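J.: build me a model from this:
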Amino acid sequence: MLATSAAGKQPACPAPDANGRVTFGDGSILMKTGLEVNPDGAAASYTPGDHGYTYINNGVNLHIHGKKLGCSAQGNQSLCHTEWTKAEAGNFGPGTAEFCVYAMEVEPPAGGTKTACELPRKGRYFVGNGKGRPKAGEQVPTASGDMVASYLSMTHLTHTVHGQVAYIDSAAIPGLVTPQSNLVGALAWVRYGDHEVFAIVNDSGPAFGEGSVALHQQLRNGQVGSIQPIGPIPIDLRCSSVETGLKPPFVSRPDGGANDLCKAGHKAKTSSDIRAYQGIGSGVTSIILASIKPPMSGTTVTEEVTLERLREWVTKAGFTPEKLHQMATCLAH
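T.: Coordinates of the predicted model:
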């Protein structure tokens, strides 16, 4: 049974807050923003060798003698990358560097338990120095036709597939990020240009205005890609249709940097990774339907989240396309 309040006629438009967001009487939040990419939660978000949709530095912090170094900070990126590469080569065993991981699932050492880090933050655990290692995800096909291993990337929200709890695949399901933990699991409607998408708030973050790989694909192209592009792109395929045919949110990031990007007369000198980094600058209208969530237990949807079920849950609660369009007009008031 859906957790929802009655969805009747459109209420009078409330005044927007200082951030330009409109909050309706039932808690629904209307906003117009840009949309950055949240690359977490996909099968290829993080991979050994750092070829995933985002850099491993964006999901870990390095700890040296009890001191935390944020790996996403520009000044720490090179050191973190070097130490992670060595830790991978050493199977994250004793003597390798210690990383506090918050974007990947961690498995404990054999016969041991996971070691929490950066408390009181929850869900963060050490890998390296024999304290644990990133949990392996599925093998995924690369742009060259090879298979690459992956690390299991996490999202705040999970769902139930064939009786088992699983993370929601953000490359298959349109998801939004929220800075408000009570909104995790809420359903949503998102529009950009001529494309309208039903989505679910599946992850938490510092601000609104961030969405999953699948949401970006639907808003830009009208559909989720049947085959997702995954790097690395080897030198012999550089600047071929494998690379030049990439569609947003995917972009090519050559190992040789900006000087090795594809352009007329240039012969690529290095391989390239495929990152999910090309966001939408502005003009994305979102309505987070705060009072509507699918059947849930904690932060787990008790059935499988699919594109069709997203649509059914929203429309069953009385939020027809006509009603959602009416609500969206409140941004013009």
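
J.: OK, contacts around Val190?
T.: Applying C-beta atoms under 8 Å, 6 or more residues apart in numbering, we find Val190 in contact with 174, 176, 196-199, 211, 215, 219, 284-287. To be clear about C-beta, it is placed using only N, CA and C from the backbone, and glycine gets the same treatment.

J.: pairing partners for the helix or strand where it lies, with directions?
T.: Assigned by DSSP states H and E, Val190 belongs to strand 187-192. Using DSSP bridges, the strands paired with strand 187-192 are strand 195-204 (antiparallel), strand 280-289 (antiparallel).

J.: ok, what's across the strand from the closest residue to Pro14 other than its chain neighbours?
T.: Distances taken as C-beta to C-beta, 6 or more residues apart in numbering put Val22 closest to Pro14, at 5.6 Å, once the chain neighbours are dropped. For Val22, the beta-bridge partners are Leu30 (DSSP bridges).

J.: Val22 and Thr285, how far apart?
T.: 11 Å (C-beta to C-beta, to the nearest Å).

J.: joint contacts of those two?
T.: With C-beta under 8 Å, 6+ apart as the test, Val22 and Thr285 both reach 30-31, 331.

J.: including pLDDT and neighbour count, could those go into CSV?
T.: Listed next are the shared contacts of Val22 and Thr285 as CSV, based on pLDDT from 0 to 100; neighbours: other C-beta atoms under 10 Å:
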residue, pLDDT, neighbour count
Leu30, 98, 23
Met31, 98, 19
Leu331, 91, 16
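
J.: which one of the strands paired with strand 187-192 lies closest to Tyr46?
T.: Of all the strands paired with strand 187-192, strand 195-204 sits nearest to Tyr46, with 14.6 Å by C-beta to C-beta.

J.: next SSE after that closest one?
T.: Heading C-terminal from strand 195-204 (DSSP H and E), you reach strand 210-212.

J.: that following strand packs against which elements?
T.: strand 29-38, strand 175-178, strand 195-204 (3 or more C-beta pairs under 8 Å, 6 or more residues apart in numbering; DSSP states H and E).

J.: return the most buried member of those strands.
T.: Most buried of the helices and strands packed on strand 210-212 by mean neighbour count (mean count of other C-beta atoms under 10 Å) is strand 175-178; its value is a mean of 25.

J.: can you give me the end-to-end span of stretch 49-59?
T.: Start and end residues of stretch 49-59 are separated by 14 Å (C-alpha to C-alpha, to the nearest Å).

J.: for stretch 40-55, same thing?
T.: For stretch 40-55, by C-alpha to C-alpha, the gap between its terminal residues amounts to 10 Å.

J.: what residues of that stretch count as buried?
T.: 40-48, 50-55 (16 or more other C-beta atoms under 10 Å).

J.: just the ones in helices from those residues, please.
T.: Using DSSP state H, no member of those falls in helices.

J.: just those now: which is nearest Gly318?
T.: Closest to Gly318, out of all of the buried residues of stretch 40-55 and judged by C-beta to C-beta, is Gly41, at 29.2 Å.

J.: apart from its neighbours in sequence, what residue is nearest that closest one?
T.: That would be Ser170: by C-beta to C-beta, 6+ apart, it lies 3.4 Å from Gly41.

J.: mind checking what secondary structure Gly75 has?
T.: Here Gly75 is helix, with the state taken from DSSP: H, G, I helix; E, B strand; the rest coil.

J.: got any ranges where the stretch 1-150 of the chain has weak pLDDT?
T.: Along the stretch 1-150 of the chain, segments meeting pLDDT under 70 span 1-11.
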